[in-house]
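J.: this is a predicted model, with the sequence first.
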Amino acid sequence: MTRTVAILGAGETGRRWKQDFLTAGWRVRLFDPDPDAPGFQDMTGDCRRVGTISGSVGDADWIVVAVPDRLELIQKVVQRAQAVATKEAVIAVTSRAYDIDALQGCGLRPGNIIRVLHDAEGGFDFHVTRRNDDSFRKKAVLALSELSAVRCLGVPDEAPDQDDAASA
């Protein structure tokens, strides 16, 4: 079964994600408002450029948000993507500046948002919270394992969830 990823942001980070997913046999939809973004080079295989966020995410299984590290921009892109995406879509944010709680805090479906970064060994740093249920985590790990080795950096058991802290 061919799966689809929408990559929002075709800079160097988006370009790397594009190559990872194409190599793993996924269909890739790529969006960036900059027509000269590096990710649009080498458009081979099952990859196509899409002119809008809405057109990119439609029925995508995964959505990679690879935009510049400005929280207000990330929030806007995540919210727009989740407004159109399926309820099951994984939203993987590549921010190095903001932690997973800040990224999930802006989502329409916070439990569908993870933080994923390429690591130096060719694998991934994968950040989740208690908002991500076990089945969602397994789904995310399975997809990432297709791309490379996965190193999961979950929330320690003793750390309170943001929701738990608010209710105390």
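T.: All right, it came through fine. Numbers count the residues shown, from 1 in each chain.
J.: considering only helices and strands, which part of this protein has the lowest mean pLDDT?
T.: helix 162-167 (a mean of 37; mean pLDDT, DSSP states H and E).
J.: now the helices: where do they sit in the protein?
T.: Taking DSSP state H to define them, one finds helices in the chain at 12-23, 53-57, 71-84, 100-104, 134-147, 162-167.
J.: contacting residues for residue 106?
T.: Each residue near residue 106 by CB atoms under 8 Å, 6 or more residues apart in numbering is listed here: 71, 74-75, 78-79. C-beta coordinates here come from the backbone N, C-alpha and C atoms, glycine included.
J.: again, but for residue 132
T.: Residues near residue 132 by CB under 8 Å, 6+ apart: 111-114, 140.
J.: columns neighbour count on top of those, output as CSV?
T.: Shown next, in CSV, are the contacts of residue 132 (neighbours: other CB atoms under 10 Å):
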residue, neighbour count
111, 16
112, 26
113, 28
114, 24
140, 22
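J.: looking at those, which is nearest residue 39?
T.: Nearest to residue 39, judged by CB to CB, of those is residue 114 at 20.8 Å.
J.: circling back: top of the contacts of residue 106 by neighbour count?
T.: Ranked by the number of neighbours (other CB atoms under 10 Å), these place residue 78 first, at 26 neighbours.
J.: who's in contact with it?
T.: Residue 78 makes contact with 65, 91, 93, 103, 106-107, 113 under the criterion CB under 8 Å, 6+ apart.
J.: and the residue nearest the centre of this protein?
T.: Nearest to the mean C-alpha position of the chain, by CA atoms, centre = their mean, lies residue 92 at 1.6 Å.
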